[in-house]
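> need a 3D model of the following:
(one chain, ligands or ions: 1)
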Amino acid sequence: MSEKTLKFNSKAIHGGQKPDAAYGAVMPPIYQTSTYAQTTPGGHKGYAYSRSANPTRSALENSLASIENGTYGLAFASGIAAMDAVIKLLSPGDEVVSTNDLYGGTYRLFKKIFEKFGIKFNFVDMQNAATIESAINENTKLIWVETPTNPMMNIIDIKAVAQLAKKHKVLMAVDNTFATPYLQTPLDLGADIVMHSATKYLGGHSDVVAGALIVKDKKLADELYFIQNASGAICGPMDSFLVLRGIKTLHVRMQRHCENGEAIANYLVNHPKVESVYWPGFKSHPNHDIAKSQMSGFGGMISFVTKGGSYEDAIKIVEKLEVFTLAESLGGVESLAGHPASMSHGSIPKAEREKSGVVDALIRLSVGIEDIEDLISDLKQAID
Ligand SMILES: *Cc1c(COP(=O)(O)O)cnc(C)c1O
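Numbering: from 1, shown residues only. Sure, this is the predicted structure:
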């Protein structure tokens with residue numbers, strides 16, 4: 001049966017994978033080696049040095065390409081390292097148009113690292129195509145999209161932005177960390193590059209930091225591979241194994257994340273002390289129709305603000321939670337709560353942060369796959 005005909009759940013388990021050639025191991029062995037014996041200089045079996053390639057990493061890279069409906073996957077030491085490789089496609093004088101409401105570390109990488117090297121970043125509200133188009137000029141080489149956005153859960157129309165990118169002949173990358181390929185596949189909608197913090201849902205167990213890029217185009221894959229090997233921020237064999245193991249249950253975990261997410265979004269929106277809840281599954285969400293058309297579910301990421309809530313109120317709530325753990329990160333089996341203003345988005349200046357709605361009272365939840373009754377009682381005792 002051709003791999004291309006497999007549906008998502010089967011691809012998550014079998015995509016790009018074959019039992020190991022040596023002993024038939026069903027899971028790829030962790031090839032914890034830096035180098036490989038050669039019979040004559042250059043005479044090797046496709047692997048010469050583990051920065052350039054490693055069989056465990058190759059197994060993960062094949063799986064990534066398969067689940068994102070791409071052709072080539074590249075695995076990195078972190079999500080940030082994957083993004084770093086994308087920006088290294090550019091040269092001084094080039095410009096990037098980016099989502100304004102995005103992961104704090106992405107903002108920091110763009111502004112504090114790459115701006116020094118003469119690359120310019122324009123942060124715009126991407127919910128309006130005209131705003132994006134007016135930010136594109138002859139130096140623009142890349143459009144950077146994150147959807148759903150972090151932490152405001154706005155939805156950007158991937159297909160519409162991809163059409164703009166094609167029209168202006170610029171590359172388009174989508175940070176697909178929040179949605180995962182279980183919920184949306186940006187390459188199918190016209191994006192050129194999909195990026196992941198595999199630390200989150202792909203790994204899924206809060207036990208590894210890793211990143212990924214997936215593309216369809218061979219020339220783009222070659223350029224990114226060149227950067228991966230030349231800059232060196234590769235995913236190690238043990239970490240590749242852990243992400244690959246995580247991917248094999250991605251579909252069952254995501255299904256439960258979506259169910260629990262929906263139940264909690266509905267609980268919060270009806271809570272008398274809650275002012276607003278940000279979750280794309282609500283019919284009242286400003287981009288609900290786009291979410292419905294490009295995603296097959298709405299995920300387990302939710303942000304909310306309590307009525308008249310202050311910085312201190314938000315801190316009190318997150319400290320009081322017991323089943324939810326107060327922690328950075330997201331996408332693991334366990335539920336986490338965070339306070340973006342002091343945690344994930346602390347590196348974005350307050351004025352910049354508040355422009356996109358990240359107010360002091362905002363709380364972000366990564367809803368895990370525990371029993372929903374326990375999660376709701378926990379929120380109840382912390383908010384009440
Ligand atoms: C965590 C995260 C990143 C950064 O990935 P790391 O693996 O922490 O380097 C990028 N984008 C999003 C949306 C994230 O949540």
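> which one is residue 259 nearest to, not counting chain neighbours?
Distances taken as CB to CB, 6 or more residues apart in numbering put residue 372 closest to residue 259, at 7.5 Å, once the chain neighbours are dropped. For the C-beta atoms, the positions are set from N, CA and C on the backbone; glycine is no exception.
> tell me how many other residues crowd that neighbour.
Residues near residue 372, counting by other CB atoms under 10 Å, number 17.
> now the one 4 residues further on
Taking other CB under 10 Å as the criterion, the count of residues near residue 376 is 17.
> how about the backbone phi and psi for the closest residue to residue 344 other than its chain neighbours?
Distances taken as CB to CB, 6+ apart place residue 104 nearest to residue 344, at 5.0 Å, with adjacent residues excluded. Main-chain dihedrals, residue 104, degrees, to the nearest 10: phi -60, psi -40.
> residue 104 against residue 349, yeah?
No: between residue 104 and residue 349 there is no contact under CB atoms under 8 Å: 10.9 Å.
> who has more neighbours out of those two?
Under the neighbour definition other CB under 10 Å, residue 104 and residue 349 were set side by side, and residue 104 has more, 19 against 12.
> per-residue pLDDT, residue 347?
On the pLDDT scale, residue 347 is placed at 77.
> quick one: what helix or strand has it in it?
Under the criterion DSSP states H and E, no helix or strand holds residue 347.
> likewise residue 96?
Using DSSP H and E, residue 96 falls in strand 95-99.
> quick one on the thing from earlier: so what's the residue nearest to residue 344 scoring on pLDDT?
86.
> quick one: it and residue 347, what's the gap?
5 Å (CB to CB, to the nearest Å).
> and the protein, which of its residues are near the ligand?
78-80, 103, 105-106, 146, 150, 175, 177-178, 197, 199-200, 209, 211 (CB under 6 Å from any ligand atom).
> export whatever helix or strand residue 161 lives in to CSV, keeping only CA atoms.
Assigned by DSSP H and E, residue 161 belongs to helix 158-167. Provided in CSV are the C-alpha atoms of helix 158-167 (Å, rounded to 0.1, in the frame of the first residue of the first chain):
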residue,chain,number,x,y,z
ILE,A,158,-3.3,30.6,5.6
LYS,A,159,-4.7,30.2,2.0
ALA,A,160,-5.2,34.0,1.6
VAL,A,161,-1.7,34.8,2.9
ALA,A,162,-0.2,32.1,0.6
GLN,A,163,-1.9,33.7,-2.4
LEU,A,164,-0.4,37.1,-1.4
ALA,A,165,3.0,35.4,-1.0
LYS,A,166,2.7,33.9,-4.5
LYS,A,167,1.6,37.1,-6.0
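> contacts for it, please.
Applying CB atoms under 8 Å, 6 or more residues apart in numbering, the contact partners of helix 158-167 are 126, 129, 132-133, 136, 143, 145, 147, 171-172, 174, 184, 186, 189-192, 294.
> got the angle between it and strand 95-99?
With axes from the mean of the first three to the mean of the last three CA atoms, to 10 degrees as the basis, helix 158-167 and strand 95-99 are set at 170 degrees to each other.
> pull out the buried residues from helix 158-167.
By 16 or more other CB atoms under 10 Å, the buried positions in helix 158-167 come out as 158, 160-162, 164-165.
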